[in-house]
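> Structure for this input, please:
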Amino acid sequence: MALIDISMPLYEGMPAFPGDPPFRTEALRRLARGDPYELSQLSFGSHAGTHLDPPSHFLPDGASVDALDLEALNGPCEVVAVDPSRRSVGVEDLLHVRRGTARLLLRTANSARWTQRLAFFEDYVGLEREAAQRLVALGVRLVGIDALSVELDPHGGFPVHRELLGAGIAVLEGLLLGAVAPGAYVLTCLPLALRGGDGGPARAVLRSA
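Alright, predicted model coming up:
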């Protein structure tokens, strides 16, 4: 069955959230230079590209990315298309999400913009706090979004992150969902096992349920 890669590639010049370190690569060994093999040195932040936010990202005693329950990150999921005219995801956008939905991916207007150009834009679509509270009430275990942050106001008190992570909901950010139709899928998502990590770059793929 065909897999749909919804991960952002890592490369120099890729979009990064303001203040995050840029992705860098340095050639250490190259066949073209007469070396016996290829080897590169990579430098990037723990929240580069498609990545998972564990509770420790905001909570002092929260679990780090290597301690996340992989069962929560992998399995049946629902992709929900948010009206592209919406500038934020509110409770009204989640009315058809069923209680007990374990994994929810939100395809917003961000996805169409990223199909045109992979770049950071300040007016990205994120979650309203009330929407985060609704997801907690529904029992969601993972929420993903097609933005580098689920937070609409990253300069405030980070209420959306605190609502979700405080309830033990893993946050998957930086998804490329432009080619994904809404519906039921099976998600495979494996973050780097960074010991004590506050974030984990991940490869995420979908297949039809």
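
> Next, please give the residue ranges for the helices of the chain.
70-73, 109-116, 129-138, 159-166 (DSSP state H).

> Kindly export the last one (C-alpha atoms) in CSV.
C-alpha atoms of helix 159-166 as CSV (Å, rounded to 0.1, in the frame of the first residue of the first chain):
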residue,chain,number,x,y,z
PRO,A,159,-1.3,28.6,26.4
VAL,A,160,-1.9,26.0,23.6
HIS,A,161,1.3,24.1,24.2
ARG,A,162,0.6,24.1,28.0
GLU,A,163,-2.9,22.8,27.5
LEU,A,164,-1.9,20.0,25.2
LEU,A,165,1.4,19.0,26.7
GLY,A,166,0.0,19.3,30.2
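
> From the chain's centroid, how far away is that helix?
Computed by Cα atoms, centre = their mean, to the nearest Å, the chain-centroid distance of helix 159-166 equals 15 Å.

> same thing with the third one?
On the basis of Cα atoms, centre = their mean, the separation between the geometric centre of helix 129-138 and that of its chain is 17 Å.

> got it, and the first one?
Averaged C-alpha coordinates place helix 70-73 at 14 Å from its chain's average position (Cα atoms, centre = their mean).

> Give me the helices and strands touching it, please.
Counting contacts by 3 or more Cβ pairs under 8 Å, 6 or more residues apart in numbering; DSSP states H and E, helix 70-73 packs against strand 170-173, strand 183-191. Placement of C-beta: from N, CA and C, glycine included.

> What are the contacting residues of that helix?
Applying Cβ atoms under 8 Å, 6 or more residues apart in numbering, the contact partners of helix 70-73 are 52, 102, 103, 141, 142, 170, 172, 187, 189, 190, 191.

> And for residue 121, nearest residue in space, chain neighbours not counted?
The shortest distance from residue 121 to any non-neighbouring residue, by Cβ to Cβ, 6 or more residues apart in numbering, is to residue 113 (6.5 Å).

> How about the residue nearest to the spatial centre of the chain: which residues does it bridge to?
Centroid check for the chain by Cα atoms, centre = their mean gives residue 173 as the closest residue, at 1.7 Å. Residue 173 has these beta-bridge partners by DSSP bridges: residue 51.

> Do I have it right that it meets residue 143?
No: using Cβ atoms under 8 Å, residue 173 is not in contact with residue 143, being 9.5 Å away.

> Identify the contacts common to those two.
residue 150.

> Look up how far residue 18 lies from the residue lying farthest from the centre of the chain.
Note on the chain: the largest C-alpha distance from the chain mean falls to residue 34, namely 39.4 Å (Cα atoms, centre = their mean). Noted for residue 34: a distance of 41 Å to residue 18, by Cβ to Cβ, to the nearest Å.

> Look up how far residue 98 lies from residue 202.
Taking Cβ to Cβ, one finds residue 202 at 25 Å from residue 98.

> Looking at the two, which one has more neighbours?
Legend: neighbour count by other Cβ atoms under 10 Å for residue 202 and residue 98, higher for residue 202 (22 against 9).

> Perfect, that will be all.
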